[in-house]
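got a sequence here, can you model it:
(one chain, ligands or ions: 1)
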Amino acid sequence: MLNQPGYFISFEGIDGAGKSTHIEAYAELLRAKYPQREVLLTREPGGTPLGEQLRKLLLDAPMNLETEALLMFAARREHLAQVIEPALQVGKIVISDRFADASFAYQSGGRGLSIDKLQQLELWVQGRAGGLVQPNITFLFDLPSDIAEDRRSQARAPDKFERLDLAFFERVRQEYLRRAKAEPDRFCILDARQTPVEIWNQLQYITINI
Ligand code: TYD
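Numbers count the residues shown, from 1 in each chain. Next comes the predicted model:
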């Protein structure tokens, strides 16, 4: 993590864990709490015009696993260069719906790409003189994959990732949990089996050192 005037927050979790339900409310909460700071809400894959085009391809088109990882990181490179880093440099609070942990969880945990290859991309895309650009805090919405599947089936037409099977999502979940264990100071795990009200009550009182 780098020393910068801004503050970087990411929301992560398997599809159906409920992070999108809370992210806008959380941005509003921070706007009210820190009226002098600009709060920027963004997402991955996406967050820039090019990134949003890549998102469409990534979520719809079947592709080779390495191509998928390269495109995720290409979109991330653009997102960092155009949006995230300029915002952090002038002291803004950036909240991203997913960031690099999702690549490790989905492309490695879920689909089996080697962590070593992803680390090379991470270093290339997020590496700076002082270290890696990483969120200051990552809220991980943790939910067993069978409950997530039930929730997804009630919600909407699935994208390419959301059509994958239970075992896939359990591997994604386990990779998220492994990363959370490896970086306990950055990750904050929320038990997403709770109701949205219970999760919100927890989320809004988590202390962050902005
Ligand atoms: P998601 O946040 O679930 O969007 P929505 O709520 O609109 O469905 O993200 C889209 C999908 O992209 C999700 O299934 C996870 C996947 N993804 C990766 O596989 N790797 C990545 O690096 C990122 C950022 C997302």
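
get me the contact residues on the chain for the ligand.
Within the chain, the positions lying close to the ligand (Cβ under 6 Å from any ligand atom) are 15, 20, 44-45, 59, 72, 97-98, 102-103, 106-107, 159, 161-162. For the C-beta atoms, the positions are set from N, CA and C on the backbone; glycine is no exception.

weed out the non-buried ones from those.
By the neighbour-count criterion of 16 or more other Cβ atoms under 10 Å, the residues of the chain next to the ligand include these buried positions: 15, 20, 44-45, 72, 97-98, 102-103, 106-107, 161-162.

give me the subset of those residues lying in strands.
D97 (DSSP state E).

output the buried ones among the residues of the chain next to the ligand in TSV; the columns should cover pLDDT.
What follows is these, written out as TSV (pLDDT from 0 to 100):
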residue	pLDDT
D15	94
S20	91
E44	98
P45	98
M72	98
D97	98
R98	98
A102	98
S103	98
Y106	98
Q107	98
F161	84
E162	82
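
ok so, going back, now the two most distant members of the residues of the chain next to the ligand.
Using Cβ to Cβ, the residues of the chain next to the ligand span at most 20.6 Å, a distance reached by S20 and Q107.

coming back round to it: which of the residues of the chain next to the ligand fall within helices?
With helices identified by DSSP state H, the entries of the residues of the chain next to the ligand that belong to them are 20, 59, 72, 102.

does the residue lying farthest from the centre of the chain sit in a helix, a strand or a coil?
Relative to the centre of the chain, the most outlying C-alpha is that of Q36, 25.5 Å out, by Cα atoms, centre = their mean. State at Q36, reduced to three classes by DSSP: H, G, I helix; E, B strand; the rest coil: coil.

hmm, back to that, which one of the buried ones among the residues of the chain next to the ligand is nearest to E175?
Nearest to E175 among those is Y106, at 8.2 Å by Cβ to Cβ.

which ones are touching the closest one?
Y106 makes contacts with 161, 172, as judged by Cβ atoms under 8 Å, 6 or more residues apart in numbering.

measure it to P35 for me?
If you measure Y106 against P35 using Cβ to Cβ, to the nearest Å, the figure is 36 Å.

find the residue at the geometric middle of the protein.
Most central in the chain (Cα atoms, centre = their mean) works out to R98, at 1.6 Å.

contact partners for that residue?
By Cβ under 8 Å, 6+ apart, the contact set of R98 is 10-12, 43-45.

I189: which element?
I189 belongs to strand 187-191 when assigned by DSSP states H and E.

need the contact partners of the host helix or strand of T42.
Counting by DSSP H and E, the element that carries T42 is strand 39-43. Contacting residues not belonging to strand 39-43 are listed as 23-24, 27, 30-31, 79, 83-84, 87, 92-98 [Cβ under 8 Å, 6+ apart].

quick one: which of the residues you listed sit in strands?
Here DSSP E is the test, and the contacts of strand 39-43 give 93-97 as lying in strands.
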